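K.L.:
Just to be clear, the model below is a prediction. Sequence and coordinates:
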Amino acid sequence: MSFPRTVYRVAGLTLFALALAGCGTQDRAAMDRASQENVALKTQVNDLTQECDNLKKDLAAVTKDRDQFQKQARETGESSKAAQAQIAERTQMQLRAANDALNEAKANLANAQKSQGDAEQLAVKLKAAEDAVTAARSKAADAEKAASAAAADVTRARQRIDMLTAEKAALQKRLDAISADVAKKAGAPAPDLNK
C-alpha cells in the first residue's frame, strides 16, 4: 500500500467520523477544519507523490550513471592492466640498465682503487727515489768538499815537494862544494856521494 493512498484513506475516515459525530455548529466547524486538513493533506500527498516521482527519476538517472561508471571502470581496469604491464616491462628494462651501469661503476671503482693503490706505491717509490737523490746530492757535496780539500792538500804537497827539491838541490850543491874542497885538500879525486 502506497503512502498517498494511506493519507487519502485517513483523510476520508476522518471526514466520515466527523460526519457521524453530528451536524451541529461545533460539528460543522470541526468538519470545516477536517475538510481544510483533508485539502492540506491532499496537497501534501500530491507534493510527496511528485517528490517520490522525482526521486524515482533521480534514482533511475543515478543507476544509469552508476552502470556507465562501472563499465568505464572495467574498461579502465583492462587498459590499466595493459598500461601496468607496459610500465612493468619498461621498469624492468630500466632496472637492468641501472644494474648494468652499477656493475660498470663498480668495475671502474675497483680499477680506480687499484690505480690509486698503484699510484700510492709509485708515490712511495718516488719519495724513496727523491730521498736517495737528496742523499746522493749530499754525498756528492761532501765528496766535492773532500775533493777540494784533497786538491788543496795536493797543491800543498807539490809546493812542499818543490821546496824540498830546491833544498835538496841546494844541499847537493853544497855537498858537491864540500866534496870538491875535501878532494882538493886531499889531492885525490872527489868521491861521488850521489850514489
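P.N.:
Great, that's in hand.

K.L.:
quick check: mean pLDDT across the longest helix anywhere in the chain?
P.N.:
Assignment by DSSP state H gives helix 25-186 as the longest helix of the chain. Helix 25-186 shows a mean pLDDT of 86.

K.L.:
what helices or strands is it leaning on?
P.N.:
Other helices and strands packing on helix 25-186, by 3 or more CB pairs under 8 Å, 6 or more residues apart in numbering; DSSP states H and E, are helix 3-21. For the C-beta atoms, the positions are set from N, CA and C on the backbone; glycine is no exception.

K.L.:
could you give the mean pLDDT of the helix it packs on?
P.N.:
Mean pLDDT, helix 3-21: 63.

K.L.:
Show me what stretch 115-124 is in contact with.
P.N.:
Here stretch 115-124 makes contact (CB atoms under 8 Å, 6 or more residues apart in numbering) with no residue beyond itself.

K.L.:
Just the buried residues of it, please?
P.N.:
By 16 or more other CB atoms under 10 Å, stretch 115-124 has no buried positions at all.

K.L.:
can I get the CA coordinates of it in CSV?
P.N.:
What follows is stretch 115-124, C-alpha atoms only, in CSV (Å, rounded to 0.1, in the frame of the first residue of the first chain):
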residue,chain,number,x,y,z
SER,A,115,95.1,2.5,-9.8
GLN,A,116,95.1,4.5,-6.6
GLY,A,117,97.0,1.7,-4.8
ASP,A,118,99.5,1.6,-7.7
ALA,A,119,99.7,5.4,-7.6
GLU,A,120,100.3,5.3,-3.8
GLN,A,121,103.1,2.7,-4.3
LEU,A,122,104.6,4.8,-7.1
ALA,A,123,104.4,7.8,-4.8
VAL,A,124,106.2,5.8,-2.1
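
K.L.:
so how far is residue 50 from residue 58?
P.N.:
13 Å (CB to CB, to the nearest Å).

K.L.:
again with residue 110
P.N.:
With CB to CB as the criterion, residue 110 and residue 50 are 84 Å apart.

K.L.:
what do you get for residue 128?
P.N.:
107 Å.

K.L.:
got it, and residue 186?
P.N.:
As judged by CB to CB, residue 186 and residue 50 stand 187 Å apart.

K.L.:
Kindly report the same for residue 156.
P.N.:
145 Å.

K.L.:
Repeat that for residue 44.
P.N.:
Computed as CB to CB, the residue 44 to residue 50 distance reads 11 Å.

K.L.:
Same question for residue 95.
P.N.:
63 Å.

K.L.:
How about residue 147?
P.N.:
With distances taken as CB to CB, residue 147 is found 132 Å from residue 50.

K.L.:
likewise residue 36?
P.N.:
In this view, residue 36 and residue 50 are 21 Å apart by CB to CB.

K.L.:
Residue 72: what's it in contact with?
P.N.:
Contacts of residue 72 (CB under 8 Å, 6+ apart): none.

K.L.:
Residue 179: how many residues sit nearby?
P.N.:
Counted with other CB atoms under 10 Å, the neighbours of residue 179 add up to 16.

K.L.:
Ok, residue 45 next?
P.N.:
19.
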